[in-house]
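In: Below is the sequence, then the predicted model.
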Amino acid sequence: MPALSRTYVYVSNAADGEIGCYRMQADGALQAGARSKAGDVVGPLAVSPDRRFLYAAVRSQPYAVHAYAIDPGTGALAPLAVSPLPASFPYISLDKTGRYLLGASYQSNLVSVNAVGADGRVAAQPLQLVPVGRNAHSVRSDESNRFVYVPTLGSDQIFQFAFDANSGRLSSNTPAVAQMQPGTGPRHFVTSADNRFLYALSELLGTVTTFALDGNTGLLSEIGSASGVPPEAKLVPGAPRLAPKPNDSTPPRQRERDIWAADIHLRPDGKFLYISERTGSMLAVFSVNGATGELTYLASTPTEAQPRGFAIAPDGRYLVACGEKSETISLYAIDAASGALSLLRQYPGGKGANWVEIVSFD
């Protein structure tokens, strides 16, 4: 993999309402830059495919997406526009053309598509609002940009859509969903670079399920799964986290030992896959069989408290993790042969950190 030249790390700090910016040096060391104002409970970030723009969704009312222009020379974010969103989105992404912003709403059980102009501004009115199953937690296109997938944690399904990049329209595939076992709770996912496999993380079990992805039809077929939670963690299967119902006298669930997995990323060479688990505050690594898609759990590493988000540098050498209950971020070196993580250093961060994006320029 080529060495990085100009690489920037962006971290959403929900409690501060700001986005932190760091410049990554050749040895991985991070140099803090200016923070950018966003809004209360700033959450998911997304970067345009051409790396010109960064988008941040605010999860407090009025719901909105903030667009920033990225300075490739300094990494600085210049506020560009603020556009309304129809709901609170825990996840946003761009399609492969960068012309459409996709959003998933956990509370409202829907996904949306908004047009994005050549100037990076997000249209105020969505092109489409599509109801899906309970607790939609992510939305992404496949590598071909012909298909879009939406895991719905509360209904244990992955919704399968055909995507028209000319119009930005989603249409249900047939079948419309890939059904998973009850209690799985699919959350985030990634696709392999060759587009043959989709890896879906279970928030409630800490497992990663491998699906074969049919490049012609876009349909998913479950192959198998592997757990990223070591037995010594002594965690138990979790349950969906929902707002309490009015006048509900049911005692709240005790969640101190619930599995609560969050994020998932592949190393760019596709040889290793990583997940975060919040209750145990750890990162887990799997080896990936590129021919079969099979995952093998290798090890877990302690990390920031309640690690909701992390990201891997484009050259595959470093991983940066943040924690919702930590005011530091952790920088790890990734061993190219084993996938093992080695903590290099912690850096001051913000409050309520929940998302990391890393952008590199040649």
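Out: Received it, and whenever you're ready, just let me know what you need. Bear in mind that the values here come from a model prediction, so they are computed numbers and not experimental data. Numbers count the residues shown, from 1 in each chain.

In: pretty sure residue 83 contacts residue 120?
Out: No. Residue 83 lies out of contact with residue 120 (CB atoms under 8 Å); the separation is 10.6 Å. Glycine gets a C-beta too; all of them are placed from N, C-alpha and C.

In: what about this structure, any weak spots by pLDDT?
Out: The model of the chain has pLDDT under 70 over residues 1-4.

In: Which other helices and strands does the strand ranked longest in the chain contact?
Out: If you go by DSSP state E, the chain has its longest strand at strand 169-179. Contacts defined by 3 or more CB pairs under 8 Å, 6 or more residues apart in numbering; DSSP states H and E place strand 169-179 against strand 110-115, strand 128-131, strand 157-164, strand 220-227.

In: In the sheet, which strands lie alongside the second one, parallel or antiparallel?
Out: Spelled out, it's strand 128-131. If you go by DSSP bridges, strand 128-131 pairs up with strand 110-115 (antiparallel).

In: quick one on the thing from earlier: quick one: closest of the helices and strands packed on strand 169-179 to residue 352.
Out: Nearest of the helices and strands packed on strand 169-179 to residue 352, taken as CB to CB: strand 110-115 at 24.4 Å.

In: Compute the inter-axis angle for the closest one and strand 169-179.
Out: 150 degrees (axes from the mean of the first three to the mean of the last three CA atoms, to 10 degrees).

In: ok, back up a step: return every residue with contacts to both of residue 83 and residue 120.
Out: Common contacts of residue 83 and residue 120 (CB atoms under 8 Å, 6 or more residues apart in numbering): residue 67.

In: what about the closest residue in space to residue 238 that isn't next to it in sequence, neighbour count?
Out: Distances taken as CB to CB, 6 or more residues apart in numbering place residue 258 nearest to residue 238, at 3.7 Å, with adjacent residues excluded. Neighbour count of residue 258, defined by other CB atoms under 10 Å: 17.

In: Does residue 258 touch residue 240 like I think?
Out: No. Judged on CB under 8 Å, residue 258 makes no contact with residue 240 at a distance of 10.6 Å.

In: Residues that sit against both of these two, list them.
Out: With CB under 8 Å, 6+ apart as the test, residue 258 and residue 240 both reach residue 204.

In: which SS class is the closest residue to residue 155 other than its chain neighbours?
Out: Spatially, and ignoring its direct neighbours in sequence, residue 155 is nearest to residue 133 (3.4 Å; CB to CB, 6+ apart). The three-state label given to residue 133 by DSSP: H, G, I helix; E, B strand; the rest coil is coil.

In: try residue 154
Out: Under the three-state scheme (three-state DSSP), residue 154 adopts helix.

In: Leaving out sequence neighbours, find the closest residue to it.
Out: Nearest in space to residue 154, with sequence neighbours left out and distances taken as CB to CB, 6+ apart, is residue 134 at 2.9 Å.

In: thinking again about what came up before, list the residues that contact the residue nearest to residue 238.
Out: Under the criterion of CB under 8 Å, 6+ apart, the contact list for residue 258 reads 204, 235-239, 279.

In: Pull up the gap between it and residue 155, please.
Out: According to CB to CB, to the nearest Å, residue 258 stands 19 Å off from residue 155.

In: what's the answer for residue 208, then?
Out: In this view, residue 208 and residue 155 are 19 Å apart by CB to CB.

In: Tell me which of those two has more neighbours.
Out: Comparing residue 208 with residue 155 by other CB under 10 Å, the one with more neighbours is residue 208, at 26 against 21.

In: Check the gap between residue 66 and residue 120 for me.
Out: Taking CB to CB, one finds residue 66 at 11 Å from residue 120.

In: Name the residues contacting each of those two.
Out: Residues touching both residue 66 and residue 120 (CB under 8 Å, 6+ apart) are residue 81.

In: Mind checking which of the two has more residues around it?
Out: residue 66 (23 against 19).

In: quick one: contacts for residue 132?
Out: Contact analysis of residue 132 by CB under 8 Å, 6+ apart lists 104, 109-111, 150, 152, 159.

In: For PyMOL, what selects the buried ones among those?
Out: Buried residues within these, by 16 or more other CB atoms under 10 Å, are selected in PyMOL with:
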select buried, resi 104+109+110+111+150+152+159
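
In: quick check, nearest of the contacts of residue 132 to residue 190?
Out: Using CB to CB, these come closest to residue 190 at residue 150, 14.2 Å.

In: The closest one and residue 210: what is the separation?
Out: From residue 150 to residue 210 the distance is 18 Å (CB to CB).

In: repeat for residue 177
Out: From residue 177 to residue 210 the distance is 18 Å (CB to CB).

In: higher neighbour count, those two?
Out: residue 210 (25 against 18).

In: Reduced to three states, what does the more buried one come out as?
Out: Going by three-state DSSP: residue 210 is strand.

In: hang on, isn't it packed against residue 202?
Out: No. Checked against CB under 8 Å, the pair residue 210 and residue 202 is beyond contact range at 12.0 Å.
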